Each structure stands twice: as C-alpha cells, then as structure tokens.
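> For reference, the sequence and a predicted model appear below.
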Amino acid sequence: MKKQTKRPLLLSGLVMNIVTFVILIVSSAINIFYISRDIGDTVESSTIINLLINILLVLVGIVTIAFSAMCIMRTNMNEEQFHSKRGLILTTFILTVFSFILTIVGMRTYGFDILTLFITLFLICSATFIIVEYFMNKKVCLTNQEKVEEEKQEEK
C-alpha cells in the first residue's frame, strides 16, 4: 500500500467552503423571506432577479456543501488515487466559482452588503486553495509518471 499524502490547502479550502456556504445559505434564505414579504401588486424586474439569484444560491450552496464534505475524505489519498478521482474536486471548484459570480451579480442587483463582500472574499480564498492543491497534485502525479516511463525505457 502506498503512503498517504496530506493536503492541508485542500482541507482548509474545503472547510472554509463549507462554513462560507452555510453562512451564504442562511443569508440567502433571510433575503428570500424579506423579498417575498415585500412583493406587492407591482413587481420590479430587479426584485425578481434578486429572488432568483438567492434561490439559486441556496440550491447551489446545498449541493456544494455535500460535495465539499465528500471531498474531505479525499484529502489523505495518495497521488494516483487523488488524480484518478479528481472530478468531484473540480466540480466543487466550479460550483464555488459559480456561486462567487452569483454573489457578485446579486450585489450589483440589490446593492452593496458587507456580509456578502466577506462571503465573496472567502469564496475566492477557498476556491484558490482547492485549485492550487489540485495543480500541485497534478504536477507530482505527472513527474511520477515520467519517472516510471524513464525506468521502463532504461530496462529496454
């Protein structure tokens, strides 16, 4: 059995992702409540866009929390196992970036909010940690494959 590799950047990125998305879900749920309460006879297009953005943030947040929790189990895999099961980690990264874009559009629609600013900063930080660890592992895996190929060439 090959040794396990520790990935502190991935672990901290995933934990930060989970905490940030829990806060984002609570914030978006509160926004949905206030928007639905204020809807009257006349509805502006920005109100509908804001409502849809918050609903999307809640749904994407729930899925991303589940994916981040599943990715935490992959933080101690060796390089080859991690590289072969990289789809879930890339999906988590893509959903985090998508949520970042939605929060920026939401801030543009309903105005500046300091909580949303901090959420977007933490989303950027967690996405950066996840993708840096992914590329570090990819580099190690490719160098290991090159070493194996060189050894096979030397044996011939």
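That came in fine, so what should we check first?

> could you pull out the helices for the chain?
8-38, 45-72, 79-84, 87-110, 114-155 (DSSP state H).

> Contacts made by the fourth one with the rest, please.
For helix 87-110, contacts defined as Cβ atoms under 8 Å, 6 or more residues apart in numbering pick out 10, 14, 17, 21, 24, 31, 46, 49-50, 53-54, 56-57, 60-61, 63-64, 67-68, 70-71, 74, 113, 116-117, 119-120, 123-124, 126-127, 130-131, 134. In this view, the C-beta of every residue, glycine as well, is placed from N, C-alpha and C.

> about what we covered before: confidence-wise, which of the helices of the chain is weakest overall?
With a mean of 80, helix 79-84 has the lowest mean pLDDT of the helices of the chain.

> I'd like the helices of the chain laid out as CSV, including mean neighbour count.
Below are the helices of the chain laid out as CSV (neighbours: other Cβ atoms under 10 Å):
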stretch, mean neighbour count
helix 8-38, 18
helix 45-72, 17
helix 79-84, 17
helix 87-110, 18
helix 114-155, 15
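
> This completes my enquiry, with thanks.
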